[in-house]
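>>> Give me the fold of what follows.
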Amino acid sequence: MQVGKEEHLNTKIFKDFFEITKSRLSISVVFSSITGYLLATETVDTLHIMYLFIGGFCMVGASNALNQVIERDYDAVMKRTQNRPIPRGRISISSALILSLLMIVMGFYLLYHLNLKTAFFSFFSILIYVSIYTPLKTITPLSVFVGAFPGAIPFMLGWVSATNKFGIEPGILFMLQFFWQFPHFWAISWVMHEDYQKAGFKMLPTGRKDRKTAFQITFYTLWMIFISLIPYTHYSGSLSLTQNSALLILILGITMLYFSIDLMVKKSNKAASKLIIVSIFYLSLVQLIFIFDKYFLA
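Here you go, the predicted structure:
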């Protein structure tokens with residue numbers, strides 16, 4: 001009987017850790033870093049990937065936990081977030097802060113083993129996310145623009161972890177993920193608009209679910225498509241794409257553009273929800289195509 005209680009307690013602790021670090025999101029972000037690494041390296045080092053994965057997870061998870069500490073009162077009033085560990089009292093503020101600090105120290109230590117640039121910019125992305133993006137969410141819709149910077153750093157950072165230098169290649173990876181975030185997060189904000197309003201969050205560019213917001217989603221999707229095809233032009237250093245891969249990425253981009261236009265026409269939550277799903281698949285598939293192209297087609 002006692003064993004059963006301990007197992008139940010361990011399950012609850014794991015679940016709370018999973019929620020406060022937004023582990024699913026953190027893992028997807030780390031996947032971007034690993035993709036960047038695989039695109040940059042000529043010899044895959046499993047130890048490097050392990051450091052990048054665990055270190056990156058610690059840094060992203062810590063920033064998510066700190067975000068929930070800061071937004072605990074806002075989370076308590078929103079239906080989507082009111083059951084999070086801090087609003088429900090399952091994790092105290094002090095415990096969340098200690099956990100965040102330990103994860104930052106561990107993450108920085110592991111990423112520093114790769115190189116200082118990787119560790120520094122991971123820490124820098126936390127600072128932007130927590131100290132600028134998070135407070136701006138209740139002040140101006142420009143918070144999405146600010147938040148797109150730390151959100152785009154991981155893809156670039158994977159390349160930097162392998163090469164220890166910046167260049168046009170990580171710049172393109174950064175810009176691709178940077179512009180992808182606008183249609184993705186504005187579609188989320190469209191669906192969650194009423195809930196966000198309860199907390200005073202200003203996430204949509206016009207503050208309304210209107211045609212102008214949908215137009216901006218479409219506009220940034222077009223820029224995303226353009227940037228995704230730059231490696232095919234071969235004006236992108238050692239980052240390149242073959243014709244077949246570029247065609248596949250173009251098809252994926254046009255698909256996402258279709259759902260962006262569909263939102264502009266219908267201006268409905270259903271259309272926005274479809275765009276969210278499509279955008280998630282888009283980024284994952286594009287990254288996989290880049291990897292497949294390098295290792296099997298180039």
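
>>> next structured bit after the helix or strand bottoming out on mean pLDDT in the chain?
Every helix and strand in the chain was compared by mean pLDDT, DSSP states H and E; the lowest is helix 2-20, with a mean of 73. Downstream of helix 2-20, the next assigned helix or strand under DSSP states H and E is helix 23-40.

>>> Give me the mean pLDDT for that following helix.
Mean per-residue pLDDT for helix 23-40: 95.

>>> again, but for stretch 115-126
96.

>>> Let me know how buried Leu222 is, in neighbour terms.
14 (other Cβ atoms under 10 Å). Backbone N, C-alpha and C define where each C-beta goes, glycine included.

>>> Against Phe215, how distant is it?
11 Å (Cβ to Cβ, to the nearest Å).

>>> Ile251 now?
23 Å.

>>> which SS class is Glu42?
With DSSP: H, G, I helix; E, B strand; the rest coil as the basis, the three-state label of Glu42 is coil.

>>> what's the closest residue to Leu110 other than its chain neighbours in contact with, if anything?
Among residues not flanking Leu110 along the chain, Gly55 sits closest, at 3.3 Å (Cβ to Cβ, 6 or more residues apart in numbering). When the contact criterion is Cβ atoms under 8 Å, 6 or more residues apart in numbering, the partners of Gly55 are 106-111, 113-114, 119, 122.

>>> what angle sits between the helix or strand where Gly55 lies and helix 23-40?
In this assignment (DSSP H and E), Gly55 forms part of helix 46-70. Between the axes of helix 46-70 and helix 23-40, defined by axes from the mean of the first three to the mean of the last three Cα atoms, to 10 degrees, the angle is 140 degrees.

>>> List the buried residues of helix 46-70.
For helix 46-70, the neighbour count (16 or more other Cβ atoms under 10 Å) marks 48-49, 51-53, 55-69 as buried.

>>> In the protein, where is pLDDT below threshold?
The model of the chain has pLDDT under 70 over residues 1-10, 298.

>>> For it, just list every one of the helices.
Secondary structure of the chain (DSSP state H): helices at 2-20, 23-40, 46-70, 72-77, 93-112, 116-128, 134-136, 143-163, 168-191, 193-199, 211-228, 230-233, 243-266, 269-292.

>>> Serialize those helices to TSV and add fields for distance to Ile86.
Output for the helices of the chain, formatted as TSV (distance: least, Cβ to Cβ, whole Å):
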stretch	distance to Ile86
helix 2-20	7
helix 23-40	16
helix 46-70	6
helix 72-77	5
helix 93-112	6
helix 116-128	18
helix 134-136	14
helix 143-163	20
helix 168-191	21
helix 193-199	14
helix 211-228	30
helix 230-233	42
helix 243-266	33
helix 269-292	25
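
>>> To what extent is the closest residue to Ala271 other than its chain neighbours buried, counted in neighbours?
Spatial nearest neighbour of Ala271, excluding adjacent residues (Cβ to Cβ, 6+ apart): Leu263 at 4.3 Å. Number of residues near Leu263 (other Cβ under 10 Å) recorded here: 28.

>>> Look up how far Pro150 lies from Ile230.
With Cβ to Cβ as the criterion, Ile230 and Pro150 are 22 Å apart.

>>> neighbour-wise, which of these two wins?
Neighbour totals were compared for Ile230 and Pro150, and Pro150 leads with 23 against 19 (other Cβ under 10 Å).

>>> The more buried one: what's it in contact with?
Neighbouring residues of Pro150 by Cβ under 8 Å, 6+ apart: 63, 125-126, 128-129, 133.

>>> Looking at those residues, which is nearest Ser268?
Checking the contacts of Pro150 against Ser268 with Cβ to Cβ, the nearest one is Tyr133 at 27.9 Å.

>>> ok, now how distant is the nearest residue to that closest one once chain neighbours are set aside from Phe201?
Using Cβ to Cβ, 6+ apart and skipping the chain neighbours, the partner closest in space to Tyr133 is Gly147 (4.0 Å). Gly147 sits 12 Å away from Phe201, going by Cβ to Cβ.
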